[in-house]
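Peer 1: after the sequence you'll find the predicted model.
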Amino acid sequence: MSEKITQLKNKFVEIYGGSTNDLRVFASPGRVNLIGEHIDYCGGYVFPAALTLDSTVIARPRKDRNIRLAATDLPDRVTASLDNLEEGKSLRWGNYQLGVADELQKAGYKLTGVDMLFHDMVPLGSGLSSSAAIELATAVTLATLGNEAHGITKPLDMVELAVIGQRTEHNYCGVNCGIMDQFASAMGKKDHAILLDCGSLKYKYTPLKLNGYKIVLGNTKKKRGLGESKYNERVQEVGEGLRILKQFLPEKVHLCDVTIKEFEQYKDKIENEVIRRRVQHVVYENVRVLESFDALENGDLIKFGNLLKEAHASIRDLYEVTGFELDTMVEEAAKVEGVIGARMTGAGFGGCTVNIVREDKVETFIRQVGENYRAKTGITPEFYVSEIGDGARELK
């Protein structure tokens, strides 16, 4: 890793000048959600873990109010003033970073100008939340350097920074996302998964002990952009479902506050069959998350794997956000000996699957699923044998 950081520092100097002596390094991870899909914006439980795939920032504070942005894999160069960040919304690249700066200032953070070079190891459009990784890497960089410039010594509130990342998505990028991606990127803990109640932001960690199994991520290489997808449409559909159910269950704040028993009692009141299916997924998925947490706590990997299979069927048939590529990869995974569970992860419409694969079958899995998926879709996939890492931080 140190060799890579040295290369990035040299690239920074190539772009911005100066020396490498005063450069700071920050990083924030992508995430995999083990189970609990499309329910974070319904106040549900989710079960993510931070990956060791990071968005890394090389940074140097400036004496003025300008932010300058560059990336190792793009020709784009962005310069903006901290006093005029609204124009960042129209940028093809840089809107996430400038949006974070704007939301930090609106939340009362005192910032300083910064030169920043981004290097992203989280594949864009993969469903592993490259956007949250960029947002939290930016937030930790700007908040840390801004506090230092203004003599503020209090530690960063990482949950607050996660919420600021979420606000950036809403206000700058037009995606009405829940809190899960930013929370996992901010609060990840090495070798642990996070059970997060998205309604209250209460959370607890559990060791991710997969005794003899590995998490393998399968990237369909089918790109998807959340803002262009049907994501916001799904948010509206479940919002309508909640509105209908509140006529009979007025005390419910979030859709995930509705129990399975209550849903079964009142589901016929939701006359629109599409909305009823969406609500059914949300209510049952919320329960699957809690059952998955218990299964892992009890070391019952077979039950955990079966819950992943149930979750994929639900998101495919009731929520309809998978598509041919994701379904093909999950179907091919199920044919490999030693795979105890597979499902899509992320927002869907492309991106990745998460697979629980016996260690001695990982190479077979990658070869067999890769060949069969390519034969059926014409796309060459990528696979990552995943390690679980820490959340957003400065690399000392």
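Peer 2: That came in fine, so what should we check first? Residues are numbered from 1 along each chain as shown.
Peer 1: any idea how far residue 312 lies from residue 21?
Peer 2: 50 Å (CB to CB, to the nearest Å). For glycine as for every other residue, the C-beta is placed from the backbone atoms N, C-alpha and C.
Peer 1: low-confidence regions, this protein specifically.
Peer 2: For the chain, residues meeting the criterion pLDDT under 70 lie at 1, 224-229.
Peer 1: longest strand in it, by number of residues?
Peer 2: strand 48-61 (DSSP state E).
Peer 1: okay, it in CSV with CA atoms only?
Peer 2: As requested, the backbone C-alpha atoms of strand 48-61 are provided in CSV (Å, rounded to 0.1, in the frame of the first residue of the first chain):
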residue,chain,number,x,y,z
PRO,A,48,-23.7,-3.9,5.5
ALA,A,49,-19.9,-4.2,5.8
ALA,A,50,-17.2,-1.9,4.6
LEU,A,51,-14.8,-3.3,2.0
THR,A,52,-11.1,-2.9,1.6
LEU,A,53,-11.8,-1.3,-1.8
ASP,A,54,-11.2,2.4,-1.0
SER,A,55,-11.6,5.9,-2.5
THR,A,56,-8.3,7.5,-1.6
VAL,A,57,-7.6,11.3,-1.4
ILE,A,58,-4.2,12.9,-1.4
ALA,A,59,-4.7,16.4,-0.1
ARG,A,60,-2.9,19.7,0.8
PRO,A,61,-4.7,22.7,2.4
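Peer 1: so what secondary structure elements neighbour it?
Peer 2: helix 2-16, strand 24-33, strand 114-120, helix 130-149, helix 180-187, strand 192-197 (3 or more CB pairs under 8 Å, 6 or more residues apart in numbering; DSSP states H and E).
Peer 1: put together JSON lines for these, with distance to residue 231 and mean neighbour count on each row.
Peer 2: Shown next, in JSON lines, are the helices and strands packed on strand 48-61 (distance: least, CB to CB, whole Å; neighbours: other CB atoms under 10 Å):
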{"stretch": "helix 2-16", "distance to residue 231": "32", "mean neighbour count": "14"}
{"stretch": "strand 24-33", "distance to residue 231": "14", "mean neighbour count": "27"}
{"stretch": "strand 114-120", "distance to residue 231": "21", "mean neighbour count": "23"}
{"stretch": "helix 130-149", "distance to residue 231": "12", "mean neighbour count": "25"}
{"stretch": "helix 180-187", "distance to residue 231": "12", "mean neighbour count": "30"}
{"stretch": "strand 192-197", "distance to residue 231": "19", "mean neighbour count": "23"}
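Peer 1: JSON lines for the ones you listed, including distance to residue 95?
Peer 2: Putting the helices and strands packed on strand 48-61 into JSON lines (distance: least, CB to CB, whole Å) gives the following:
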{"stretch": "helix 2-16", "distance to residue 95": "20"}
{"stretch": "strand 24-33", "distance to residue 95": "17"}
{"stretch": "strand 114-120", "distance to residue 95": "13"}
{"stretch": "helix 130-149", "distance to residue 95": "10"}
{"stretch": "helix 180-187", "distance to residue 95": "16"}
{"stretch": "strand 192-197", "distance to residue 95": "26"}
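Peer 1: ok so, going back, look at residue 312 and residue 21 and report which has more neighbours.
Peer 2: Legend: neighbour count by other CB atoms under 10 Å for residue 312 and residue 21, higher for residue 312 (26 against 8).
Peer 1: name the helix or strand for the more buried one, please.
Peer 2: helix 301-317 (DSSP states H and E).
Peer 1: in the stretch 151-300 of the chain, which spans are strands?
Peer 2: 192-197, 202-207, 213-219 (DSSP state E, counting those that start in this stretch).
Peer 1: sheet-wise, list the partners of the longest one with their directions.
Peer 2: Yep, that's strand 213-219 we're talking about. Sheet pairing of strand 213-219 (DSSP bridges) gives strand 352-358 (antiparallel), strand 382-385 (antiparallel).
Peer 1: show residues contacting the first one.
Peer 2: Put plainly, it is strand 352-358. 32-34, 126-128, 210, 212-220, 301, 304-305, 308, 326, 329-330, 333, 336-346, 365 (CB atoms under 8 Å, 6 or more residues apart in numbering).
Peer 1: which among these end up buried?
Peer 2: The neighbour count (16 or more other CB atoms under 10 Å) marks 32-34, 126-128, 210, 213-220, 301, 304-305, 308, 326, 329-330, 333, 336, 338-346, 365 as buried among these.
Peer 1: need the single longest helix in the chain, by residues.
Peer 2: helix 273-297 (DSSP state H).
Peer 1: which elements pack onto that helix?
Peer 2: Against helix 273-297 (3+ CB pairs under 8 Å, 6+ apart) you get strand 45-46, strand 192-197, strand 202-207, helix 231-246, helix 260-266, helix 301-317.
Peer 1: which of the residues in the last one are buried?
Peer 2: Read that as helix 301-317. Residues of helix 301-317 classed as buried: 301, 303-312, 314-316 (neighbour count, 16+ other CB under 10 Å).
Peer 1: just the CA coordinates for that helix, please, in PDB.
Peer 2: Output in PDB follows, covering the C-alpha atoms of helix 301-317 (Å, rounded to 0.1, in the frame of the first residue of the first chain):
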ATOM      1  CA  LEU A 301     -24.200 -20.200   7.800                       C
ATOM      2  CA  ILE A 302     -26.600 -22.500   6.000                       C
ATOM      3  CA  LYS A 303     -29.600 -20.500   7.300                       C
ATOM      4  CA  PHE A 304     -27.800 -17.300   6.500                       C
ATOM      5  CA  GLY A 305     -27.200 -18.500   2.900                       C
ATOM      6  CA  ASN A 306     -30.900 -19.600   2.500                       C
ATOM      7  CA  LEU A 307     -32.000 -16.100   3.600                       C
ATOM      8  CA  LEU A 308     -29.800 -14.600   0.900                       C
ATOM      9  CA  LYS A 309     -31.600 -16.800  -1.700                       C
ATOM     10  CA  GLU A 310     -35.000 -15.700  -0.400                       C
ATOM     11  CA  ALA A 311     -33.900 -12.100  -0.500                       C
ATOM     12  CA  HIS A 312     -32.900 -12.300  -4.100                       C
ATOM     13  CA  ALA A 313     -36.200 -14.000  -5.100                       C
ATOM     14  CA  SER A 314     -38.100 -11.200  -3.400                       C
ATOM     15  CA  ILE A 315     -36.100  -8.300  -4.900                       C
ATOM     16  CA  ARG A 316     -36.500 -10.000  -8.300                       C
ATOM     17  CA  ASP A 317     -40.200 -10.800  -8.300                       C
END
